[in-house]
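S.K.: have a look at this fold, sequence not included:
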């Protein structure tokens, strides 16, 4: 553990020493310019630990740019990248970039510069990247870039640069790549008046097209066929009625059960009837007491078979 801590402390001290050496290598004018840019809201960064060259950006600036922001750049000969994207920089402010011969990358997209501002970039001999997207630059402004022999990429989206202007610049800079050219659509020539004979031919071609319209009638005749499924749909509720009918027996089922229950109750009432009939035999016994019931028996005595028996008795 002690060894690792000692190694880390040694690395930290060497890094601080290197930073101090770099700071010591910069002149007082450079140090003052860097501090001034930072005070005004700009960002100053070194490209790498072992590369003291500077990258300066104002694209995150909240306040509008003035000459005071760009004036310190003349004291920084090691600036290689400058970002002014989306700021209010104009043609006059670009005059502060005239002496930045070490500049290799410049962002001017979405700014207010025109052809006049590009004239201040003639001395940037090491510039290899230039972004003019969304500016008012035209083909005339590209002529100021013909002396930048190291220029390799040029972005011209949403500018007034044409194919002809880009081609002319490429003649001076064969290795240049122009990106974002918008080729305008060719204007369509006005239609010439057609002769009367051609008009008649076109009308003749249109007539058969009109005759073909009756072919659409069969499609109209087929429309009643579409009504057939509607009838079927009308019939479809019938199963619902059947279901209702099927459900009705289910409703009668409880009625039958009630009838069965009533019938089950009736046998319970029938045993009471024999009690009433028990009283009736007494009434029937009283009937023989009446004299009228004996008359049929007298009639039976008057029959001849009875007399025959009486006559046979004396013979014995």
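M.R.: Thanks, I have the structure now. From a predicted model like this one, the values you see are computed outputs, not experimental measurements.
S.K.: so the residue nearest to residue 59 when sequence neighbours are not counted is in which element?
M.R.: Counting by CB to CB, 6 or more residues apart in numbering, residue 59 lies nearest to residue 85, which is 4.3 Å off, once chain neighbours are set aside. Yep, even glycine has a C-beta here, placed from its N, CA and C like the rest. In the assignment (DSSP states H and E), residue 85 maps to no helix and no strand.
S.K.: got a list of what residue 85 touches?
M.R.: 59, 107-111, 131 (CB atoms under 8 Å, 6 or more residues apart in numbering).
S.K.: of the residues you listed, which is the most crowded?
M.R.: In terms of neighbours by other CB atoms under 10 Å, these top out with residue 108 at 27 neighbours.
S.K.: surely that residue and residue 132 touch.
M.R.: Yes: look at residue 108 against residue 132 with CB atoms under 8 Å: they come within range, at 5.8 Å.
S.K.: so which residues make contact with stretch 107-125?
M.R.: With contact meaning CB under 8 Å, 6+ apart, stretch 107-125 is reached by 59, 82-91, 94-95, 97-101, 103, 106, 127, 130-138, 140-142, 144-145, 147-150, 155.
S.K.: which of the residues you listed are buried?
M.R.: Among those, those classed as buried by 16 or more other CB atoms under 10 Å are 82-87, 89, 91, 94, 97, 100, 103, 106, 127, 130-138, 141-142, 144-145, 148, 155.
S.K.: tell me which of those fall in strands.
M.R.: 82-83, 106, 130-131, 155 (DSSP state E).
S.K.: between the residues you listed, which sits nearest residue 74?
M.R.: residue 82 (12.5 Å; CB to CB).
S.K.: quickly note the distance from the closest one to residue 88.
M.R.: For residue 82, the distance to residue 88 equals 15 Å [CB to CB, to the nearest Å].
S.K.: then residue 45?
M.R.: Noted for residue 45: a distance of 23 Å to residue 88, by CB to CB.
S.K.: and for residue 28?
M.R.: Counting by CB to CB, the gap from residue 28 to residue 88 is 31 Å.
S.K.: same deal with residue 101?
M.R.: Taking CB to CB, one finds residue 101 at 26 Å from residue 88.
S.K.: once you drop chain neighbours, what's closest to residue 152?
M.R.: Residue 152 sits nearest to residue 128 (CB to CB, 6+ apart), 4.7 Å away.
S.K.: over to that neighbour: give its phi and psi.
M.R.: Here is the backbone geometry of residue 128 (degrees, to the nearest 10): phi -120, psi -10.
S.K.: so who does it touch?
M.R.: Taking CB under 8 Å, 6+ apart, we find residue 128 in contact with 104-105, 150-153.
S.K.: how many other residues sit next to the residue lying closest to residue 98 once chain neighbours are set aside?
M.R.: In this structure, residue 98 finds its nearest non-sequential neighbour in residue 120, 5.1 Å apart by CB to CB, 6+ apart. As a burial measure, residue 120 scores 18 neighbours (other CB under 10 Å).
S.K.: same check, this time on residue 37
M.R.: Per other CB under 10 Å, the neighbour tally for residue 37 reads 22.
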